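> predicted model, plus sequence, below.
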Number of protein chains: 4
Amino acid sequence: MAAHTFEPTLFYNRLGGAEPPALVLRSGDSIRTRTLDAHGTNEREEPVASRPNPLTGPFLVEEAEVGDTLAVRLEELKPNRSSCWSHRYLAENVVDPSFARRLPEQEYARWRIDPQSRRLSPVEPAVSGISLPLRPMLGCIGTAPADGQTLSSATAGSHGGNMDYPGIAEGATVYLPVFVPGARLYLGDGHATQGDGEIAGSGTEVSFDVRFTVTLLKGQASRWPRGENAEWLFTLGNARPLEQALQHATTEMVRWLEEEYALDPASIGLLLGQVVRYELGNVFDPAYTMACKVPKWSLPRP
Amino acid sequence: MAAHTFEPTLFYNRLGGAEPPALVLRSGDSIRTRTLDAHGTNEREEPVASRPNPLTGPFLVEEAEVGDTLAVRLEELKPNRSSCWSHRYLAENVVDPSFARRLPEQEYARWRIDPQSRRLSPVEPAVSGISLPLRPMLGCIGTAPADGQTLSSATAGSHGGNMDYPGIAEGATVYLPVFVPGARLYLGDGHATQGDGEIAGSGTEVSFDVRFTVTLLKGQASRWPRGENAEWLFTLGNARPLEQALQHATTEMVRWLEEEYALDPASIGLLLGQVVRYELGNVFDPAYTMACKVPKWSLPRP
Amino acid sequence: MAAHTFEPTLFYNRLGGAEPPALVLRSGDSIRTRTLDAHGTNEREEPVASRPNPLTGPFLVEEAEVGDTLAVRLEELKPNRSSCWSHRYLAENVVDPSFARRLPEQEYARWRIDPQSRRLSPVEPAVSGISLPLRPMLGCIGTAPADGQTLSSATAGSHGGNMDYPGIAEGATVYLPVFVPGARLYLGDGHATQGDGEIAGSGTEVSFDVRFTVTLLKGQASRWPRGENAEWLFTLGNARPLEQALQHATTEMVRWLEEEYALDPASIGLLLGQVVRYELGNVFDPAYTMACKVPKWSLPRP
Amino acid sequence: MAAHTFEPTLFYNRLGGAEPPALVLRSGDSIRTRTLDAHGTNEREEPVASRPNPLTGPFLVEEAEVGDTLAVRLEELKPNRSSCWSHRYLAENVVDPSFARRLPEQEYARWRIDPQSRRLSPVEPAVSGISLPLRPMLGCIGTAPADGQTLSSATAGSHGGNMDYPGIAEGATVYLPVFVPGARLYLGDGHATQGDGEIAGSGTEVSFDVRFTVTLLKGQASRWPRGENAEWLFTLGNARPLEQALQHATTEMVRWLEEEYALDPASIGLLLGQVVRYELGNVFDPAYTMACKVPKWSLPRP
């Protein structure tokens, strides 16, 4: 169980493919590394990679095979500079079509993080009074996709990818299906904070210092990303329309409760029907993201 | 500002129409009344009305005119019996179509509320270990619909209706558009608790004692239901697919922030993009419900 | 089997409700009448009713009961003036959201029908070269809705309504579910022609002379509108998103083939999978319309 | 302008990637080749490649660069054996969710083509009376996808792919965006016939003899597949839900009419609003396909 420090120099705008791994890991290894912001600028605000969402990785995990699951515990997600950027206006697709023409043409805005208060504010003479607590999250995390595909880091699928789900935060463990030998883990697109749905088309985009630990779950198959934190189990469906994302996430949660908690259909129906929560990842990118959440307090011991 | 006690004897499965009002109210009046469960049984579990969702009302508000908004402060929502019912299995439309055939044919289950612990559990020999805190909410609240329509209490629209949104709870104020003279307010379909989305097709259905106060906001137009509680502003969009419900709710929130908080498009984009939260009402009925929420702490003083 | 001539003086913007019938019919009766255009102007271009889609009716059919089906054979649908109007630009919801802001604000355009050539052209100095054959169709036909509802003539449901399906043309027979005693048939919203989807938000709107015959199919239940012409059977689903409209229409076609053609699931799968056609009604109004069509040549004798 | 005969030995389940080209073509070249059926069996019903949809290609077109369009004229599409297969039952996602459980578990059925009558019938003792004319079409045709992606031949995108659109038939010319140098054209998945929507999840699947000619349109950019035949222009949008596929297809048609027919927004609105037709490709695969069609007779000379 080694502890690696990895300084990335190559970044990828796609998940999948045959590029040489950034690093070969063993189950249990921990890694300290960095991620760029969504436009490819680093901790010194130097442009070092191209859009969209240049990712750090791929990390190869020894002995990972198709049908396994890769657990990634996110131990630290820390913005490593004080300057962020975001879009300034809402995206056209999140308001009524007849209202969309009232939205100004999209522009960028800058934000500044105050390291003392751990809050961020827009650097905009015309806008005052917005001050938000830091709530760092990774917009993009995933393995190589199924079916030998190579997919843009602008979209998401059963392998994860650009989900922009605020629950992918420090303290969470993300479980990703292994679709290719070695799993090939990628991550990036850090946000200092972000509302549900990423409805302006961006979070407050920033580069990150990241620390995480990988654990290989041999023979435990998953079909969609799963995760947990101190209070919740969650599953993630990525598709359009949101109904389909919800169906994928709910079905994956049902499988999880059947397989690891041995719940029968009646227990699942009675429990989920009364305690389930849903949260949005983005409703901006080619695939939308819906999280299905179950509070741990409500579950029988597994 | 009178305090009424109203014992309902007639219940309606539709919102709208020309039936005589249950009671004529003035702005500021408070009402104590009761609601039946979704199948029409009362506090003594007697069947007294027909399905679906028989509602108490309509309450006519004097001087309410088209273009006004009716505020309904929900001061008490209390299950008035210990026995609830729910569906037992997940609904077919919330799982992947290929998974749906694995769901058993729908059945009913019974639950019991323990008034001491304020928790409820299914009364099912085969299911153990499910114990949930009470979280009472009104599934159905609305005014007479727009365009002279009369709509079933099984569906929802810009007038409210069967939204099944857990945020419609004690302590919340719901703002409803006035589409006909007198507004004609209806309410019912109480749930002892309910998960997001009402994904089994029911909450834990029960009759309620209800206390609320109406206030007429003259000349303040709303296009979709709004609401607030101690911590949040929320707007509700009712439509399919969820994307359209989200568009309605988001557009209504933008209008609210423009009109009452005087925010410009950049402030709205910067703020909502980073702080908005979405929650599901039901994804079971003809129209789905999406809530768009903004935390009050994030807003400038109105 | 009487032949009525009915000169309407009252028009309705809703289907359903308790207004006195325009005329009481018996199964087998034929009716000559008129319909207004969608803005309520008559054959002399006089405004005689209000928007949207003022309808002629309701026609009560004696002995029609819940669970029957009403057949309406459309024997003549004839524009009764030479002047039509339409919208000038595409609707915002039929193009990519990012493209929608390029659309001009909606305006009206006028068209003229040349009775000799039976063609129509826009009366627009700036637009030349558009000349289209007449293809008259009824945008709106339906019975009183299910569940005691009263629904706007701007939308559609299982009772029919504002479907804007070009297949509702001279020579077609439309089969409508009977949801209330007497059925209460309404019709209107004639179009001189219209593209699929009504993607500019209107057809070429005009008043009509109409002749039709009603036949009551006792005890033959339908759940969604059906129809046929010389070459096709069709069913109509009205909902959003289009996937759901397609599901309703396809399910209704399966039921029709099971019930009246005695086809088993394999025959239905093999046949529909290889011969079905779909056509759009409108994708503009609150409910979208999808037609599921089967060519009569492909069917075994019923 | 060479005439090639190419006997494929390698087949690909993905579009994109870096495999060596099957053949290098010049603009104007014609090719005779073969395609396998969707399960990978050839003209002698030998299994020679794996699922799904193994494709013939990639054909590299000299001088093709990003921003060009590749025209592929389909001169011959001929089933080269008499045995086809299909699914036997409707897919679960094309009927109402509550009806889906009534569908039997999916199975395969065999069909036989009678070369004399050019008709095909299921080889099923229990099913009689189904006899359909041949209507051969290519289910899958596309170039390498945008953004360096490699996408499964089971799905579709702006590069084409598995669209299952019956209009991709003998006599049609398909226009595909060039997203990588050389374009990299793939094709396969022939159907002897297929209903709209591929609602059983398959056409009548068969191997093909194919002849086509490629023409490079330098500097003519397209964003989605386009096509034409003797009577129609069409554009193809691939996405979920169908509304988004329709938006992509409609927007691409608007661009085409603006760029090559010099129509202004009013002419486009007046024309498309009254003459457009839509047709479904599949509603079964990860991306659905909608075709937007304009009849050539309605257009001014380009």
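Arrived safely, thanks for sending.
> distance of A:M163 relative to chain D?
For A:M163, the distance to chain D (C-beta to the nearest C-beta, to the nearest Å) stands at 17 Å. For the C-beta atoms, the positions are set from N, CA and C on the backbone; glycine is no exception.
> that residue contacts A:T235, correct?
No - under the criterion of C-beta atoms under 8 Å, A:M163 is not in contact with A:T235, lying 11.5 Å apart.
> higher neighbour count, the two?
Remark: of A:M163 and A:T235, A:M163 carries more neighbours, 33 against 27, as counted by other C-beta atoms under 10 Å in any protein chain shown.
> phi, psi for the residue of the stretch 1-150 of chain A at minimum distance from chain D please.
The minimum distance from the stretch 1-150 of chain A to chain D, using C-beta to the nearest C-beta, falls at A:T150 (4.0 Å). Dihedral pair for A:T150: phi -120, psi 120, per degrees, to the nearest 10.
> re earlier: anything in contact with each of A:M163 and A:T235?
Counting by C-beta atoms under 8 Å, 6 or more residues apart in numbering or on different chains, the common neighbours of A:M163 and A:T235 are A:P225.
> three-state assignment of the residue lying closest to A:P300 once chain neighbours are set aside?
Residue nearest to A:P300 in three dimensions, not counting chain neighbours: B:G129, with 4.3 Å by C-beta to C-beta, 6 or more residues apart in numbering or on different chains. When classified by DSSP: H, G, I helix; E, B strand; the rest coil, B:G129 comes out as coil.
> so what's B:G129 scoring on pLDDT?
We have a pLDDT of 87 for B:G129.
> and it, how many neighbours?
13.
> do the same with A:S298
Neighbours of A:S298 (other C-beta under 10 Å): 18.
> for it, phi and psi?
Dihedral angles for A:S298 - degrees, to the nearest 10 - are phi -80, psi -10.
> now it: how far from chain B?
Counting by C-beta to the nearest C-beta, the gap from A:S298 to chain B is 7 Å.
> check contacts around the residue in the stretch 201-302 of chain A that chain C sits nearest to.
Relative to chain C, the nearest point of the stretch 201-302 of chain A is A:P241 (6.4 Å; C-beta to the nearest C-beta). Counting by C-beta under 8 Å, 6+ apart, A:P241 touches A:288, B:241-243, C:241, D:240-241.
> domain map for chain A?
A:3-83+A:133-220, A:227-298 (automatic domain parsing).
> export those as TSV, with columns for mean pLDDT.
What follows is these, written out as TSV (pLDDT from 0 to 100):
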stretch	mean pLDDT
domain A:3-83+A:133-220	98
domain A:227-298	97
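> coming back round to it: and which of the contacts of A:P241 is nearest to D:E62?
D:R240 (35.9 Å; C-beta to C-beta).
> number of nearby residues for that closest one?
For D:R240, using other C-beta under 10 Å, the count is 20.
> need the helices for chain A, in chain order.
Ranges of helices in chain A, per DSSP state H, are A:97-100, A:242-261, A:265-275.
> next, format these as CSV and append mean neighbour count.
Listed next are the helices of chain A as CSV, based on neighbours: other C-beta atoms under 10 Å in any protein chain shown:
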stretch, mean neighbour count
helix A:97-100, 18
helix A:242-261, 23
helix A:265-275, 23
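> nearest to chain B, out of those helices?
helix A:265-275 (2.9 Å).
> taking their axis directions, the closest one and helix A:242-261 sit at what angle?
Counting by axes from the mean of the first three to the mean of the last three C-alpha atoms, to 10 degrees, helix A:265-275 lies at 130 degrees to helix A:242-261.
> can you tell me if helix A:265-275 touches chain B.
Yes - against chain B, helix A:265-275 shows contacts by C-beta under 8 Å from any C-beta of the partner chain at A:265-275.
> A:K293 contacts A:V275, doesn't it?
No - between A:K293 and A:V275 there is no contact under C-beta under 8 Å: 9.1 Å.
> what residues does chain A put near chain D?
A:13-14, A:16-17, A:147-152, A:154, A:239-241, A:244.
> return the member of those nearest to chain C.
Among the residues of chain A next to chain D, A:P241 lies closest to chain C (C-beta to the nearest C-beta), at 6.4 Å.
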